[in-house]
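**Student:** Here is my input; please provide its structure:
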Amino acid sequence: MAASALTLVRGRREHLVNLMLSLDRQTVKPAELVIAWMQDTPHGGLPGIGIPVRHVIVPGEPMPLAAARNRAADAATGETLVFLDVDCVASPTLIASYVAAAQAQARGLFLGEVLYLPGGAIDGPLDFDRLDAIGIPHPAKPAMPATGTRREPDAGELWGLSFALARTDYQAIGGMDEGFVGYGGEETDFAARLAASGVDFYWTADARAYHQHHSVHVPPLHQFDHILRNAARFHARHGRWCMDYWLGQFRDAGLIDWHPAADRIVRLAHPSTEAIAGSRQPADRLFS
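**Tutor:** Alright, predicted model coming up:
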């Protein structure tokens with residue numbers, strides 16, 4: 001069962017290089033890497049990694065995340081699609097574990113563990129033992145199964161950093177909804193529609209990835225407009241809210257009037273330039 005690795009890129013050249021080098025270290029290599037470039041041209045001087053690299057250009061403002069995933073999936077040739085965020089480095093068994101899980105289950109979406117790395121964690125050749133030692137699991141995520149897979153009943157656990165599924169299942173529901181523009185909501189909507197189509201979700205042993213550090217905003221005021229627009233789109237379709245944690249932060253900051261039982265969001269103010277700058281966290285903050 002051939003697997004295609006897929007990633008989306010805007011900027012982040014060094015992170016992409018590390019992702020590519022980690023694919024070169026896989027015990028089972030993917031058949032290809034598909035890069036959806038959310039910029040006008042690909043980065044130059046990328047490393048050779050012993051597998052074909054396919055390039056798809058998907059420019060747009062704000063970042064066309066849903067469209068980029070769809071164009072990458074359209075270009076892929078593998079039976080299994082392995083989506084990896086450009087910030088991720090894949091452990092050597094990631095592709096093999098996702099492929100084995102996909103072979104064992106007739107249908108499924110497979111989720112892997114992600115460890116968050118501090119800044120400067122990768123300053124030379126990839127050292128996976130070191131990354132295991134210094135990486136920190138996200139506190140909101142469960143422990144991984146020791147072997148194989150474990151069913152996850154909550155489709156909302158879809159983790160856009162690292163997941164895999166059959167290309168046929170992705171295509172059957174039309175991929176991601178490109179009406180979600182900019183940051184937030186498209187993955188949760190995709191997960192809900194996929195679950196409704198009869199696809200089960202599974203945590204997957206030995207499909208570990210490492211999240212390379214970048215600064216975060218708490219709350220994510222720099223994505224304020226995108227989050228409100230996409231949350232409203234999700235609510236209109238599913239009758240419930242997504243990104244409610246962030247909506248609660250915006251409410252507590254006095255920017256919106258909203259509560260989980262509400263049927264709409266009332267904007268009260270827009271975050272100021274100073275507030276957006278102040279929401280950026282110091283380098284030792286790993287999670288948003």
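**Student:** Verify the stated contact: residue 36 with residue 68.
**Tutor:** Yes - contact criterion CB atoms under 8 Å: residue 36 and residue 68 qualify, at 3.9 Å. C-beta coordinates here come from the backbone N, C-alpha and C atoms, glycine included.
**Student:** Between these two, which contacts overlap?
**Tutor:** Common neighbours of residue 36 and residue 68, counting by CB atoms under 8 Å, 6 or more residues apart in numbering, are 8, 56, 58.
**Student:** Which of the residues you listed fall within strands?
**Tutor:** If you go by DSSP state E, those have 8, 56 in strands.
**Student:** quick one: which of the shared contacts of residue 36 and residue 68 is nearest to residue 238?
**Tutor:** residue 8 (24.0 Å; CB to CB).
**Student:** what's around that closest one, how many residues?
**Tutor:** Other residues lying near residue 8 total 25 when counted by other CB atoms under 10 Å.
**Student:** ok, it - contacts?
**Tutor:** 35, 36, 38, 65, 68, 69, 72, 85, 86.
**Student:** try 6 Å this time
**Tutor:** 36, 68 (CB atoms under 6 Å, 6 or more residues apart in numbering).
**Student:** Who does it form a beta bridge with?
**Tutor:** residue 36 (DSSP bridges).
**Student:** Over to residue 118. Which of the three states is it?
**Tutor:** The local conformation at residue 118, judged by DSSP: H, G, I helix; E, B strand; the rest coil, is coil.
**Student:** Compute the distance between the closest residue to it other than its chain neighbours and residue 105, please.
**Tutor:** Closest residue to residue 118 apart from its sequence neighbours, by CB to CB, 6 or more residues apart in numbering: residue 213 at 5.9 Å. From residue 213 across to residue 105, the span is 33 Å (CB to CB, to the nearest Å).
**Student:** What of residue 55?
**Tutor:** 31 Å.
**Student:** swap in residue 76?
**Tutor:** Distance, residue 76 to residue 105, by CB to CB: 20 Å.
**Student:** higher neighbour count, these two?
**Tutor:** Using other CB under 10 Å as the criterion, residue 76 and residue 105 rank with residue 76 on top: 25 against 17.
**Student:** you'd agree the more buried one is up against residue 4?
**Tutor:** Yes - applying CB atoms under 6 Å, one finds residue 76 in contact with residue 4, separated by 3.8 Å.
**Student:** list residues touching both of these two?
**Tutor:** Common neighbours of residue 76 and residue 4 (criterion: CB under 6 Å, 6+ apart): residue 34.
**Student:** Give me the residues contacting stretch 30-42.
**Tutor:** Contacts for stretch 30-42 (CB under 6 Å, 6+ apart): 2-10, 51-59, 63, 68, 71-72, 75-76, 78, 95.
**Student:** which residues in the stretch 1-150 of the chain form helices?
**Tutor:** Ranges of helices within the stretch 1-150 of the chain are 13-23, 65-75, 94-104, 128-134, based on DSSP state H, counting those that start in this stretch.
**Student:** Average pLDDT for the shortest one, rounded please.
**Tutor:** So that's helix 128-134. Regarding helix 128-134, the rounded mean pLDDT is 97.
**Student:** Only the buried residues of it, if you could.
**Tutor:** Of the residues in helix 128-134, 128, 131 count as buried by neighbour count, 16 or more other CB atoms under 10 Å.
**Student:** so how far is that helix off the chain centroid?
**Tutor:** How far helix 128-134 lies from its chain's middle: 21 Å, per CA atoms, centre = their mean, to the nearest Å.
**Student:** Tell me which other helices or strands it touches.
**Tutor:** Packing contacts for helix 128-134, counted by 3 or more CB pairs under 6 Å, 6 or more residues apart in numbering; DSSP states H and E, involve no helix or strand.
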